[in-house]
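Student: One predicted model, sequence on top.
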Amino acid sequence: MTLLEAIPQATTPTVQLPTLLLSGMVWVPALAAIGLLFFPTRTDAHRERIRSFAIGTAALVLALAVVMWYGFRDQSGTFAYEETRPWLPAAGSSYHLGVDGVSMAMLLLSAFLFLFAVLASGRVREQVKEYFILLLILETGVNGVFASLDYLLFFLFWQLQAVPMFLLIARFGGARRLSAAWKFLAIDLAGSGLLLLAILILYFKAPARTFDMVTLHDATLPVALATLIAWLFFIAFAVRLPVFPFHTWFIDAQAEASAPVVMILAGLFVKLGGYGIIRVDVGEFQAAFHKIVGAVVVIAVITVLWSAVAALAQDNLRRLLGYVVMSHMGLVLLGAAAAVPLAINGAVLMMLADGLTAGLLVLLAAATVERANTSSIRAMGGMAGRMSRSTILWMLAALAAAGFPGLAGFVGQLLIVLGAYPGHRLATPLALLGVLAVAGVLIWTIQRIFFGPAAEQHGRVRDLGTLELANGVGLLSLIVLLGVLPAILMDSVNFSVLTMLSRGGG
Amino acid sequence: MILTLLAAAPKGPLDTWSPTLLTLFALLLPLIALLIILAFTVDSRRMSAAISVIFTLAAVVCAILVVAIEIAHPLHLERNGTFLQLFTGQTGVASEFVLQWGVLADPLAAVMLTVVTLTSLLVQVYALGFIRREDGPVRFFCVLLFATFAMTGVALSTSYFEMLFFFGLVTLSTYLMIGYWWQREEAVAAASRAFIISAAGDLALLGGVAYIFFRFSELNFQTLASQYTGGKVGANGLFIMSVLVFLGAAAKSAQFPLHAWLPGSAQAPAPAAALLHSAGAALCGVYLVARAYALFHASPRGLALLAIVGGLTAVLGVLWALFQENLKRAIAYTTMSELGLMVLALGLGAYGASIFEVFAHAWPKALLFLAAGVTIRELRTERLAEMGGLWRRMPLTGWVMIIAVAAGAGIPPFSTFWSKDAILSKALALRSPLAVIAITAVTFLGAMALVRIFRLAFTGETVRRRRFEPERIRDASGRVAIAMVILAIPCTVAGIRGFRGRTDPIAFVTFPGLTLSNSHFAAAALTAAAAVLGAVVAWAIYARRARPVSALEPIRRTMGEGLFIERAYQFGATGLLLPASRAAGWIEQRVDGTIDLVGDSVAFLGQPRRWLPDVRAGQLLVGLFAAVAALAIATIVLAGRVIGRVG
């Protein structure tokens, strides 16, 4: 019996309390954040307790996610673990949560990444309580967006993420953190404004006065209006993605925020943009989205190529990683735009792979920058002698980001290429060129950092510590697992994608 | 291993699964050895080496058994596994894309498998004595095992997808091998160059895979073999497919103009270079073309492309080899020429001959690099101009070198004579004067290049250098010597086509629809004459270390630098891309500046520097929710106004 057959297949969620698991995943971090308010912070022991509490919360959320996934096999075509509770009946909004294959996979990613981020937060020494409170509220916001099936709820959870992320960048970052934080907030709020606009237009113009995604799916709208709404949604999500030319907030935030925050930022935050496009534009507004696909593909290709070219001259290691993530998200956008099952499967898988890979790269980059005492690649060199573990992890992470076979990114890229090529004969090879360029830049970067003659000042650097190594290896094993056995997740994702596409929608 | 033998022993009529089980073992044994070493014996040099050698030996045994079975009953069998399946197909709705992974056993795979595993084994035995403690022997064996696994995977791939997968692994293993001595800048640069060219080829192959899947909805080699001529895809489509697939193969097999990485591969340690050139990345490309030959056979333009590029590569490689000052680079360029010859043979339709050339060429090439390694280690120089007179001081290495040179040059009765003879026969049968001239010239010049190496390094007087005492040169001994001597045996006998029928190496690997090229006496004579003549001419020319004629200096330098193609690559990279990148950075700063204005104005309104550090957690939360609520209300009100106007 193969490994895959050993995983039980259930046709309905078999948990006794299905309705609480999803709400639990969404609200447990917020409750924990409120609980943290009452923790004292005077001594080091107190701060250790706060840290342990946060780790426990993240672990609990991960356990919930794994339990949910284990009992989850979406065969029925509807959403699983659905919860519908009245909330604002006058406004037409209900507390409607639910997951399908795509959101389940993203929730798993979120749970894993937040746990790794919390584990990697060992260097936070001051304002520990505030830090973890903000992080946990951020988790609530992120999980809430993945789980929402009501537009108003979607928007509120989306907004919930803005201020914690702003504060995390502003208070726990590098030298130019304030400028980066304000830039982020300004752009993010602009995007959310567009998001709200789109939602409200939909609300007022749809036959039924409701915010419910499932109900609104069947609403028919005049073509021009649907196209406008699709555009607004797309721009709102694309700003988060980030696409060219709205990407500078992301690159700056990558350079200035602290490592765990950047892990969440690069690994999860920007994936929300991709998720939004797949869930809303492709899932709900397929026909309308089909009209604007040309422009979307052009934007995607420009994003990939721009990030590849910009990465070449980049000397700052952390900004370089920002461009790497950006190029991957451009590829995801291409896959989402192609709107065939193969490509969207690839887009989802690419988001998962990039989330893990970006997380790993960010961790390693933070460790390397700290040891070398500089972010400048030119100032590094020959560090492989003292940092052999780092070198191996870096190489594997770079290969994963480059889409190497056996690691997570390969299958995602393959599927996007296979799926997008028939419909976009010119765009796909161009995007492939961008991918090659990024791969080359990453290898070249590793060469510049680790190989060659050793620079004088790096004579006494230490290699990765135990916790850092454990984090890195943990992420790496997930990357390898996803690369060798993508079927673990892809079956349910595939089914949901097929369902999504067959349901159509205008 | 005993279980393997018992399991594979035919019980009555041949069990159809046994060759595939053996190939599966041959594939997995290096990987298992690698994992065991990484997990358990990383600290012990001896244990790691032992595990590596033993497991590779087991893989060799499996390979030989497969060859034996295939000789007895040639079959084309596949065994599919359930790893790397993308969709299990259990979701009820038929998934449109199911990726499968498996191994296959047929004569072609068997030949390649034998070459890879046996070369790997002998290289490892050599490495036991060659890699010193300070070079990190455990790391070396791990790299070798990984490379063996990747190359075996290529040999046993059942579909384009799997080939793509293992091609990626081969690219990585090439990078690891060339960049092994990472402290050296040239090695690292060469490794990066190899990686980028190989990865570019892999991406082209990915494009080809996408296109093939798009048109045929199928990626399995055997299933596709009959579909190419079915009329589903027109001639142009087939040509595009063959071009893309060939690009992937050409990057791996150093065809012109993607050859720039091959001279750099001389930076690898000698045993790694031996593996790379005889059975490694260099061969995987040729193997891909052979495996996908049905595609090329269906596209005449594709075949023509093979012939032209192969011929060009063969001629250029051997010309450049004649002007190299560096021993390992000279050998590397001869590899390029041989690879071109293999591709040319495939383009001519000499399928069996080409595979035979692959088989026959692996042994002398590996032996050349191994001998070069010993020579360089003893003389502490890589430059031919600083060598000489080693024949007296290193007799064993000298004899081994002679055999390798003779085998590589095509002097009868050594290995490549028979294969080159077969290729030439096909060219004669096709009555193509260009092909005949090209092959003969390549044989002639190839013999010249190799004998030149031997002449300059081993005969004459040892050049006197500062701080170097020729009396301290010792001959190869111990495991290094054993490996080289064992390798000399196939160099001598591997080619001999004693038997017609199934055990004839050329008839062993066949392609349906292609007639075997029986050797004419004319072809044999021509090959032998060209090789021997080349050897004699080189012996005469390079006898004395004559002062190079200064008028020829520009030609010498141009040829030595490989027509400056490497420089062209570098210029392309730095001259074109970097300014583009800086321009992009400049534009970014402008865009950034605009957005910065927005951000700064918001900041100015908020004046965060005053209150941010002093806020306590409670205030923070209250402020947070208040801000969110305020923002939400404001946006709703504003949006309502907008919608009112839109509606």
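Tutor: Sure thing, it's come through. Numbering: from 1, shown residues only, chains lettered A, B, ... in the order given.
Student: Next to chain B, which bits of the stretch 151-300 of chain A? Give me the list.
Tutor: Taking Cβ under 8 Å from any Cβ of the partner chain as the test, the list of the stretch 151-300 of chain A residues beside chain B reads A:156, A:159-160, A:163-164, A:167, A:170-171, A:178-179, A:182-187, A:189, A:192-193, A:196-197, A:200-201, A:204-205, A:245-246, A:248-249, A:252. C-beta here means a position set from N, CA and C on the backbone, and glycine is covered the same way.
Student: Just the ones of these in helices?
Tutor: Judged by DSSP state H, the subset of these located in helices is A:156, A:159-160, A:163-164, A:167, A:170-171, A:178-179, A:182-187, A:189, A:192-193, A:196-197, A:200-201, A:204-205, A:248-249, A:252.
Student: Can you tell me which of the residues you listed are buried?
Tutor: Buried subset of those (neighbour count, 16 or more other Cβ atoms under 10 Å in any protein chain shown): A:156, A:159-160, A:163-164, A:167, A:170-171, A:178-179, A:182-187, A:189, A:192-193, A:196-197, A:200-201, A:205, A:248-249, A:252.
Student: Residue A:496 versus residue A:486, what's the distance?
Tutor: Residue A:486 is 15 Å from residue A:496, where distance means Cβ to Cβ, to the nearest Å.
Student: which stretches of chain A aren't confidently modelled?
Tutor: Chain A contains residues with pLDDT under 70 at A:1-19, A:73-77, A:455-460, A:504-506.
Student: hey, where'd the strands end up in the stretch 51-200 of chain B?
Tutor: For the stretch 51-200 of chain B, the strands defined by DSSP state E, counting those that start in this stretch cover B:77-81, B:101-105.
Student: least reliable of these going by mean pLDDT?
Tutor: When these are ranked by mean pLDDT, strand B:77-81 comes last with a mean of 60.
Student: Might you report the residue contacts of the closest residue to residue B:474 other than its chain neighbours?
Tutor: The shortest distance from residue B:474 to any non-neighbouring residue, by Cβ to Cβ, 6 or more residues apart in numbering or on different chains, is to residue B:378 (6.4 Å). Contact analysis of residue B:378 by Cβ atoms under 8 Å, 6 or more residues apart in numbering or on different chains lists B:394, B:473-474.
Student: For the host helix or strand of residue B:378, buried residues please.
Tutor: Assessed by DSSP states H and E, residue B:378 sits inside helix B:351-379. Buried residues in helix B:351-379, counted by 16+ other Cβ under 10 Å: B:351-376, B:378-379.
Student: can you check stretch B:309-328 too?
Tutor: B:309-324, B:326-328.
Student: Could you report the neighbour count for the nearest residue to residue A:194 once chain neighbours are set aside?
Tutor: Residue nearest to residue A:194 in three dimensions, not counting chain neighbours: residue A:236, with 4.1 Å by Cβ to Cβ, 6+ apart. For residue A:236, the tally of surrounding residues (other Cβ atoms under 10 Å in any protein chain shown) stands at 26.
Student: quick one: is the longest strand anywhere in chain A near chain B?
Tutor: When chain A is scanned for its longest strand (criterion: DSSP state E), the result is strand A:80-88. No. Using Cβ under 8 Å from any Cβ, strand A:80-88 never reaches chain B; the gap is at least 12.4 Å.
Student: Helices of the stretch 1-150 of chain A, residue ranges please.
Tutor: A:3-6, A:18-36, A:44-70, A:101-119, A:128-147 (DSSP state H, counting those that start in this stretch).
Student: So for residue A:294, which of those helices sits nearest?
Tutor: For residue A:294, the closest of these is helix A:101-119, at 24.4 Å, according to Cβ to Cβ.
Student: Run the chain-centre distance for the closest one.
Tutor: Centroid separation between helix A:101-119 and its chain, computed with Cα atoms, centre = their mean, to the nearest Å, is 9 Å.
Student: elements contacting that helix?
Tutor: Helices and strands touching helix A:101-119, by 3 or more Cβ pairs under 8 Å, 6 or more residues apart in numbering or on different chains; DSSP states H and E, are helix A:18-36, helix A:44-70, helix A:128-147, helix A:259-264, helix A:270-276, helix A:341-372, helix A:466-484, helix A:487-503.
Student: Please repeat the previous calculation with a cut-off of 7 Å.
Tutor: helix A:44-70, helix A:128-147, helix A:259-264, helix A:341-372, helix A:466-484, helix A:487-503 (3 or more Cβ pairs under 7 Å, 6 or more residues apart in numbering or on different chains; DSSP states H and E).
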